[in-house]
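Student: Coordinates for the following, if possible.
(4 chains)
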Number of protein chains: 4
Amino acid sequence: MAFKKRFLKSEDNTGFGTNSNNSGGRFFNRDGTANVQKIGTGILNRYSWYHTLLEMPRAKFLLLMIAGYLGVNLVFACIYYMVGIQHLAGMAEGSPLKNFSEVFFFSTQTFTTVGYGRISPTGFTTSLLATLEAFLGLLSFAIITGLFYGRFSRPRAFLKYSPNAVIAPYKDGTALMFRMAPYKNNMLSEAEVKLTMAMEVDEGGVKKDKFYNLAIEISKINSLSLSWTIVHPIDENSALAGFTEEDIRNTEMEIFVFVKAFDEIFSNTVVSRTSYLSSEIVWGAKFRLMYHPTEDGRSTVLDMRMLNTYDKVTLPDPMPMPTPA
Amino acid sequence: MAFKKRFLKSEDNTGFGTNSNNSGGRFFNRDGTANVQKIGTGILNRYSWYHTLLEMPRAKFLLLMIAGYLGVNLVFACIYYMVGIQHLAGMAEGSPLKNFSEVFFFSTQTFTTVGYGRISPTGFTTSLLATLEAFLGLLSFAIITGLFYGRFSRPRAFLKYSPNAVIAPYKDGTALMFRMAPYKNNMLSEAEVKLTMAMEVDEGGVKKDKFYNLAIEISKINSLSLSWTIVHPIDENSALAGFTEEDIRNTEMEIFVFVKAFDEIFSNTVVSRTSYLSSEIVWGAKFRLMYHPTEDGRSTVLDMRMLNTYDKVTLPDPMPMPTPA
Amino acid sequence: MAFKKRFLKSEDNTGFGTNSNNSGGRFFNRDGTANVQKIGTGILNRYSWYHTLLEMPRAKFLLLMIAGYLGVNLVFACIYYMVGIQHLAGMAEGSPLKNFSEVFFFSTQTFTTVGYGRISPTGFTTSLLATLEAFLGLLSFAIITGLFYGRFSRPRAFLKYSPNAVIAPYKDGTALMFRMAPYKNNMLSEAEVKLTMAMEVDEGGVKKDKFYNLAIEISKINSLSLSWTIVHPIDENSALAGFTEEDIRNTEMEIFVFVKAFDEIFSNTVVSRTSYLSSEIVWGAKFRLMYHPTEDGRSTVLDMRMLNTYDKVTLPDPMPMPTPA
Amino acid sequence: MAFKKRFLKSEDNTGFGTNSNNSGGRFFNRDGTANVQKIGTGILNRYSWYHTLLEMPRAKFLLLMIAGYLGVNLVFACIYYMVGIQHLAGMAEGSPLKNFSEVFFFSTQTFTTVGYGRISPTGFTTSLLATLEAFLGLLSFAIITGLFYGRFSRPRAFLKYSPNAVIAPYKDGTALMFRMAPYKNNMLSEAEVKLTMAMEVDEGGVKKDKFYNLAIEISKINSLSLSWTIVHPIDENSALAGFTEEDIRNTEMEIFVFVKAFDEIFSNTVVSRTSYLSSEIVWGAKFRLMYHPTEDGRSTVLDMRMLNTYDKVTLPDPMPMPTPA
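Tutor: Residues are numbered from 1 along each chain as shown, chains lettered A, B, ... in the order given. The predicted structure follows:
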């Protein structure tokens, strides 16, 4: 990075440290998770299985449950089989495979507590195993009930961000803008947004990550029902002051977005994060309005397809880089 | 709108935009939801099914569940029937319809895990199907358990608003008033209210929506047990200053009400919204007190039928429209 | 009340109104609920059944569930019986009473989805009824699961208050004191308390309820693990300044206590309320410390039996009633 | 403690009292729970069974459930046995032990609602008992479902603290430092920390516990993804000013740590506590950085094994003890 950084107060409270360039890659992934790996804790301790199961995609979660269901029943079927099928009354005996499948279905009928009773345990060991399996089955469904509820009651913001941020004309100068919109039938109020920029700065030959707050024109809104364009005016107090298109391209920067709002249906605070890299910033562009009245004029339509729709525009010359006072 | 708007600071943080009149109809519906439609996202993505099921009326929700229950069992009954009834032991066979109903009831006995066992699966395919159906049944009830809990534990304010707002005499002038009351045995504390007025303003020939905060005499109360009359004094700082009865009738305005309180039983924040259009504002009226002591004087009675009870009164002349300084 | 009230600023934001003496009895019951009845809404609308079931004493709640369980099964038993016992296979028939009891147990086996299968439905109507009963049973237990969870996960403060407040010597004068202590193994932090006094005041012949904030010496504490004595110093800014023992006895007053804290196990805000009437205030008393070290000096013991233990003391003369400036 | 305490303002709002040395041992245990025992309430009232079951270690919780399951079924088995095995159809009768085990398994099949039906109740009393047992079984699993959900949805910070705090060089002087790191895949934001020091002080011959706030250099961070080193500079405003290594060793002190953060997956506030005794403070040490970039430089690695890794360093002379002004 060619130019010298001005004496702008950098932020120390990002949680990413300030004393050296000891971290690698982007700080936040686009989906808002931190780009950090943890070592030195046992595999069992490293993950909160509940957090993991809550964030797992729906299809994977369902497959995992089905696999678990079949797996547990296979294990029990093997045990019943080894204990001996003579301890199960009502079996339609036949080939070993036929017998095993009968035992397997007895197991599933026990685990789910269907218990048709055509096959039923008679021996002590088998009965005790069935006793435990039914209990285990009920515990499993108790846990699954909690997981389902945990998954779908998890407060989420359901916000989409424009894939690009733009440098747009704003008042007499320019501003960094991007926008977001709620894409579901949820109802967000009292939304607020915070912008932090991480930039690799050359400080006496040593490369360091510095963090800067980016001030926002309107950082809180009462109700987030339409699209919301975040505007960071690039004035003399901005960490982006004086940047040309090339400066942005040549600087390793990352802009963290942190949104906090109140979901009125969940009655809970929801948060959402994303980040923009320099390569995701478009120089000289202006977003088009993405909502319009319905034909009958009685309601408003928000068109999510236009979230990233912008027109290229010519920008005024960037303000000269402020010189240290 | 005939008169010129004074230089009153309008609000930019409503979330409804300020740069043009690009939205249609009222902003909020009377039930507090935003009057916005979303297009451009797939039908599956557009709705949070959980939010939808949580807000669905009770009767519709129950019907949906019953329909789902019967539907799933019809599907399984068809499959069992097609696989062949000879794989089900214990069937009381008869006409095809009789057979199908037997299969259908076998299906429901499996799905609910009742499993009487008079009919029970014997073939491999049928047994496997029953294995899956019982599992699906338990998952369904796990989900339903979560939905029930989500529905009835959803924090709600249980507030009713007077259908009308009134312009009432207040101190030396007038004030806009409306009132609300909690209608259930819930317990709200630390309630606060925010009023925002949207008004279509003619700005150099262009019609724009402008938003104004309406100051409230007492905007926070410690405990919301009785009725609460919200008072916006129409003084020289009010966006309604100088309005006559005709002005109000001829202006497209909408007053947003946003209430936030702490529910002491849910131990959670609850919010409630409504809005008043100009046509819902009564000129020259005064609410009657809606609570009184019990006959033995040992308790207080809140009469919800009087929520919108007011007496017509003559108002002092509206203060003259303030002129730009 | 014999003496004239000074010009002390009264509070308007209690939520109990200020313009007249239109309420009856105490404002809050000792258990912290508001002493208000609601009329004019239908019986179905008046209660949030969920709030009601959440606050119901445990024994009553269990009895209600058992009664509901038996009631539903009696209804179904009657229907099965009327449809005809010949549609149930496996009945051990006998006297009508014997038959009805068999049908009743078939019903309970269906509702709970035990489904032994000794008795099983054969006719279409009976099978359909059983199909619905099993579904209803599962829905019921889905609801009960939610109710149980709602009941025991409901954040509560588990605070006990001293039944009496005292007027105790404090610094050079006196102070109103009462105390509270957490009586369970919960962990409260960041507790804060608010005191409001309601007093019937004679204003030009009209009796009005006036409300006053009572300032507290230390109104927030970091951790509420031991007892907490709330101290309201009766200085010249206190609404109680100049009151003698007789004044307190002869005045209709009520002191509202509102406590808010963060429960570290529930990770939720909990609130607690109580109120003291004049008859519950002891003149000239001082609480004894209610905790002491264990014998080995390695831990602290909080003795809940001493919550209301105080010693009678002589108070300094009350400061003269401040006269209006 | 040899030296005289300066006139530093102590804190009164810790919740541990200030008027005397009436408590024993450390205030907080290392796991963050308060070191307080409660007496004087009945055993049933003393514990919130829900709080207890939520905090119980996982293995103990599972054992308790299995024990409860077996216990309840043993009780029911005894009752069925006493009522008479002739009221159970389908028993494979044999020795008393064989009979009892049959009855026990009938009980478990009823409690779990498996209900194979090989054994089924016929007598009225036995049927009624089975009716109640199945109901009790479902209630139990309803409760267990809630407990599971309560346990794994309980918001926890998943923070590990360095076992030691250190006195490290800092700017021109020294600072007390310790650090923490999140060890799971949870996502904490807006973390803040509060430090309070309890110290036994000799006040005119009476030993008293005094509490002091310890100021922190950066007490709030936006995102807690890496390690966080808490820095309390020992300047002239610090309660630790002028302490030598011996002073620390010879003083009974305890530093309370209270962390509050927002968990982005639970969407809830989480708190965490710990405390350091003087014996856990290392004089003259400096933590090593515990994170570094991955080899490909695209991500950051946090090494939890280094949480307590420090290098011994020589400290500058402690600043002279401030003398009372």
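
Student: How far away from the center of its chain is stretch A:47-59?
Tutor: Stretch A:47-59 sits 11 Å away from the centroid of its parent chain (CA atoms, centre = their mean, to the nearest Å).

Student: and it with chain B, contact?
Tutor: No: using CB under 8 Å from any CB of the partner chain, stretch A:47-59 stays clear of chain B, with a minimum separation of 11.0 Å. (Glycine included, C-beta is placed from N, CA and C.)

Student: now do stretch A:137-152
Tutor: Yes: counting by CB under 8 Å from any CB, contacts between stretch A:137-152 and chain B involve A:Phe141, A:Ile144, A:Thr145, A:Phe148, A:Tyr149, A:Phe152.

Student: Looks like A:Phe287 contacts A:Arg179 (just checking).
Tutor: Yes: using CB atoms under 8 Å, A:Phe287 is in contact with A:Arg179, at 5.9 Å.

Student: what residues do the two have in common as contacts?
Tutor: A:Ser162, A:Thr229 (CB atoms under 8 Å, 6 or more residues apart in numbering or on different chains).

Student: just the helices in the stretch 101-250 of chain A please.
Tutor: Remark: helices assigned in the stretch 101-250 of chain A by DSSP state H, counting those that start in this stretch are A:124-153, A:245-250.

Student: Pull out the buried residues from the longest one.
Tutor: So that's helix A:124-153. The neighbour-count check on helix A:124-153 (16 or more other CB atoms under 10 Å in any protein chain shown) flags A:124, A:126-153 as buried.

Student: now stretch A:295-314
Tutor: A:Ser299, A:Thr300, A:Val301, A:Leu302, A:Asp303, A:Met304, A:Met306, A:Leu307, A:Asn308, A:Tyr310.

Student: Mind picking the two most distant members of these?
Tutor: A:Ser299 and A:Tyr310 (25.6 Å; CB to CB).

Student: domains in chain A, as residue ranges please.
Tutor: Here the domain parsing of chain A from automatic domain parsing is A:4-30+A:163-312, A:43-153.

Student: Give the residue spans of the stretch 101-250 of chain A that score low on pLDDT.
Tutor: Filtered on pLDDT under 70, the stretch 101-250 of chain A yields no residues whatsoever.

Student: interface residues of it facing chain D?
Tutor: In this structure, the stretch 101-250 of chain A approaches chain D at residues A:110, A:113-117, A:120-122, A:124, A:127-128, A:130-131, A:134-135, A:137-139, A:141-143, A:145-146, A:149-150, A:154-156, A:194, A:196, judged by CB under 8 Å from any CB.

Student: give me the number of residues near the residue in chain A that chain C sits nearest to?
Tutor: Nearest residue of chain A to chain C, counting by CB to the nearest CB: A:Gly117, 5.2 Å away. A:Gly117 is flanked by 27 other residues according to other CB atoms under 10 Å in any protein chain shown.

Student: Please tell me how far the closest residue to chain D within the stretch 151-300 of chain A sits from D:Ser153.
Tutor: Here the residue of the stretch 151-300 of chain A nearest chain D is A:Pro155; by CB to the nearest CB that distance is 4.0 Å. Taking CB to CB, to the nearest Å as the measure, A:Pro155 falls 12 Å from D:Ser153.

Student: again with A:Ile119
Tutor: With CB to CB as the criterion, A:Ile119 and D:Ser153 are 38 Å apart.

Student: got it, and A:Ser219?
Tutor: Computed with CB to CB, the distance linking A:Ser219 and D:Ser153 is 32 Å.

Student: thinking again about what came up before, ok, the residue of the stretch 151-300 of chain A closest to chain D - contacts?
Tutor: A:Asp263, A:Phe266, A:Asn268, A:Thr269, A:Val270, D:Ser267.

Student: With that, I have no additional questions.
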